[in-house]
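Enquirer: okay, predicted coordinates and the sequence, questions at the end:
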Amino acid sequence: MQSLLSIENLTVSFDTEDGTARAVRGVDLHVDRGETLALVGESGCGKSVTALSAMRLISTPPGRFESGRIAFGGKDLLTLPETEMGRIRGNDIGMIFQEPMTALNPIMTVGDQIQEAIQLHQDKGEEEARALTLEMLRKVAIPSPERRIDQYPHELSGGMKQRVMIAMAISCQPSLLIADEPTTALDVTIQAQILELLNALREETRMALLLITHNLGIVAETADRVAVMYAGKIVEEAPVEALFESPAHPYTRGLLNSVPRDDPGRPLEPIPGAVPNPSDLPPGCAFHPRCGDALPRCRRDVPVRLPVAGGRPGHWTACWLYAER
Amino acid sequence: MAAPLLQVQSLKKYFPVYGGLLASVTGQAKAVDDVSFEVGRGEILGLVGESGCGKTTLGRMTLRLVEPTAGKIFFEGAEITALNKKAMNRIRPRMQIVFQDPYSSLNPRFTVERIVGEAMLEHGLADRDRLRGKIEEILEKVGLSARYMKRYPHEFSGGQRQRIGIARALALNPRYIVCDEPVSALDVSIQAQIVNLLQKIQREGDLSMLFISHDLNVVKRVSQRTAVMYLGKIVETAPTPALNANPAHPYTQALFAAKPAMDPKKRGRRTILGGDVPSPLNPPSGCHFHPRCPKVMDHCRTTFPQPVQIGEDHVVQCHLYG
């Protein structure tokens, strides 16, 4: 089956004062229709740049697409003219961001903002668009939507603002929703509400979700498949159960061991060291200076994708430990 | 039993709210409303709650970095609520704070040496000759090399900066440290390093800590007792294992339920709390939690519940247990 979104060998660099930051280095990734793919990693690993590239929201310069293809609906998004790309954004791919506070226009009512998005993409009159706006607010479970529609963002709580963002993003029924840390700025009880809403909407509309997060709990809760990113590369990809049951890459294992879980007797095992600077990456595997299992070749050769022996279908990792010796 | 290291009684902090044409006081935000608790010697008390519940204000009030509107604070058995600046300054070295944001809490123009050493000079805890050696000793304790002494904060990663912040707090050899969301701004792989470090220095120095966090998993790991705060009130306090095994207040139960399980097989087995955290400007009548509470009863809407002891050291403020 053909994937809905398929990213091949994507490399994105940024020219900075400190030299060239290699944010994304040869990423391969696909999202199938109706599935939730979680892209996991720590700050600066390139997960947001990967997502923004799919929306072509990277400013060039300072950014540079050095290689790659992003196939969506038979088109390569990286070479599409801007007008055509504008039609795909919102219509076919929706996006929500981490900070609902800054993603909304503070001097427009939330209703007008959703309505604007609807009228930009769909051939609808004023009244029809407003009715649809109201329906969308209802769909994302905003209480008393008739009143909220005419309010400004500052009158809404953080969770409510994120609901408005979701309403806007799904108003044109996109087949793919990209959610970049959608609950990171929210409180735990509100985070649970938003995740439940996203899951319910996905089931109802069969929309695919590319969920970008650093929170492994959220991954366990929502994803079908998981891709783990480190220093601009996907280091492991697996069905969600397989990733939590038998993580293969030392970085993935390190991440899982450094999060407090329900077993207080088990000591936390932090990953030593820190995330490398993208403009000064170590040679070979970028994780080798922090890896307890590093082999001599890890310092020299960039690892390739290898299937995890005895693993489930679709479980692979970029780690020399899994190469045949 | 020895007196607790820190004890607060009926602490309140009301912030005035200005409004109208003449910017007169039109209301009060009750950030902390009648809160009492204590922190034992060598104990870590976890303080959990969502943003805006008043946990940061409460933490700072115990250090008198925020002045209480009413209530009393006792430190090492003596009341410090009304001490003047000079007397307070003599106590300050024994009570310190580690902030959430390692980026904004370090002076960008100071070297590590000055950040860690300045307060020691100020309080006469080291003379210039021995200062360097002392700083080295503290840096080593928090896992930083003495080579870094002449460097500036921007040259460090977030985790290393938090280590510098901890070194600064440790420099004065405190008895009590408020840790205000010390790992929330850090990456997952670094959080564990800092949690382990804080636990190590607490054990080695027999320190007391107020550990403020919204992350139940972290609090569960570090604290002996946990207090849960909602809209300016502590609604439940218990030994951490008892709280985890048997959360009593519906809000505590909801917090535990909202926490995603780290296991894909346990998906979807939770009840999710509806509604938003109300504004402290205009808190709901009676029990502040009643509009969101799945077990709400009539008198919850009118009267605030009194503390009820339901187990050893386990106190809850909820009409269900009245």
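Expert: Okay, I see it.
Enquirer: with adjacent residues omitted, what lies nearest to A:Arg138?
Expert: Nearest non-adjacent residue to A:Arg138, counting by Cβ to Cβ, 6 or more residues apart in numbering or on different chains: A:Pro145, 5.2 Å away. Just so you know, the C-beta spots here come from the backbone N, C-alpha and C atoms, and that holds for glycine as well.
Enquirer: residues of the stretch 51-200 of chain A that sit close to chain B?
Expert: Residues of the stretch 51-200 of chain A lying near chain B by Cβ under 8 Å from any Cβ of the partner chain: A:157, A:159-160, A:187-193, A:195-196.
Enquirer: closest one of those to B:Ile115?
Expert: A:Asp187 (32.0 Å; Cβ to Cβ).
Enquirer: what about the closest one, how many residues nearby?
Expert: Applying the criterion other Cβ atoms under 10 Å in any protein chain shown, we find 22 residues in the vicinity of A:Asp187.
Enquirer: wait, it touches B:Val48, no?
Expert: No: using Cβ atoms under 8 Å as the test, A:Asp187 is too far from B:Val48 to be in contact (11.4 Å).
Enquirer: what touches both of these two?
Expert: B:His214 (Cβ atoms under 8 Å, 6 or more residues apart in numbering or on different chains).
Enquirer: is any residue of the lengthiest helix in chain B near chain A?
Expert: Taking DSSP state H as the criterion, chain B has its longest helix at helix B:188-205. Yes: using Cβ under 8 Å from any Cβ, helix B:188-205 reaches chain A at B:188-193, B:195-196.
Enquirer: quick one, strands of chain A?
Expert: Under the criterion DSSP state E, strands of chain A are mapped to A:5-16, A:19-31, A:36-40, A:63-72, A:75-76, A:93-96, A:176-180, A:208-213, A:225-230, A:233-239, A:306-307, A:316-317.
Enquirer: quick check: the residue of chain B found nearest chain A vs B:Gly274, distance?
Expert: Closest contact between chain B and chain A, by Cβ to the nearest Cβ, is at B:Pro260 (3.2 Å). To B:Gly274, B:Pro260 is 18 Å away according to Cβ to Cβ, to the nearest Å.
Enquirer: show me which of those two is the more surrounded one.
Expert: With neighbours defined as other Cβ under 10 Å, B:Pro260 and B:Gly274 compare such that B:Pro260 has more, 22 against 13.
Enquirer: how about residues contacting the helix or strand following the longest helix of chain B?
Expert: Counting by DSSP states H and E, the next helix or strand C-terminal to helix B:188-205 is strand B:208-213. Contacts to strand B:208-213, defined as Cβ under 8 Å, 6+ apart, come from residues B:5-6, B:39-48, B:55-56, B:59, B:62, B:175-184, B:198, B:202, B:219, B:222-223.
Enquirer: quick one: which of those residues sit in helices?
Expert: Short answer: these in helices (DSSP H) are B:55-56, B:59, B:62, B:198, B:202, B:219, B:222.
Enquirer: which segments of chain A make up each domain?
Expert: As recorded under automatic domain parsing, the domains making up chain A are A:5-223, A:229-324.
Enquirer: TSV please, covering these and showing mean pLDDT.
Expert: Below are these laid out as TSV (pLDDT from 0 to 100):
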stretch	mean pLDDT
domain A:5-223	90
domain A:229-324	89
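Enquirer: turn those into a markdown table, including distance to B:Gln309.
Expert: Converted to a markdown table, these look like this (distance: least, Cβ to Cβ, whole Å):
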| stretch | distance to B:Gln309 |
| --- | --- |
| domain A:5-223 | 26 |
| domain A:229-324 | 25 |
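Enquirer: so for B:Lys134, which of the ones you listed sits nearest?
Expert: Between those, domain A:229-324 lies closest to B:Lys134; by Cβ to Cβ that is 26.2 Å.
Enquirer: so the closest one, near chain B or not?
Expert: Yes: legend: contact between domain A:229-324 and chain B by Cβ under 8 Å from any Cβ is shown at A:240-241, A:244, A:254-262, A:264, A:267-272, A:274-275.
Enquirer: phi and psi next, for the closest residue to chain B within the stretch 1-150 of chain A.
Expert: As assessed by Cβ to the nearest Cβ, chain B sits closest to A:Glu42 within the stretch 1-150 of chain A, at 4.0 Å. The phi/psi pair for A:Glu42 (degrees, to the nearest 10) reads phi -90, psi 170.
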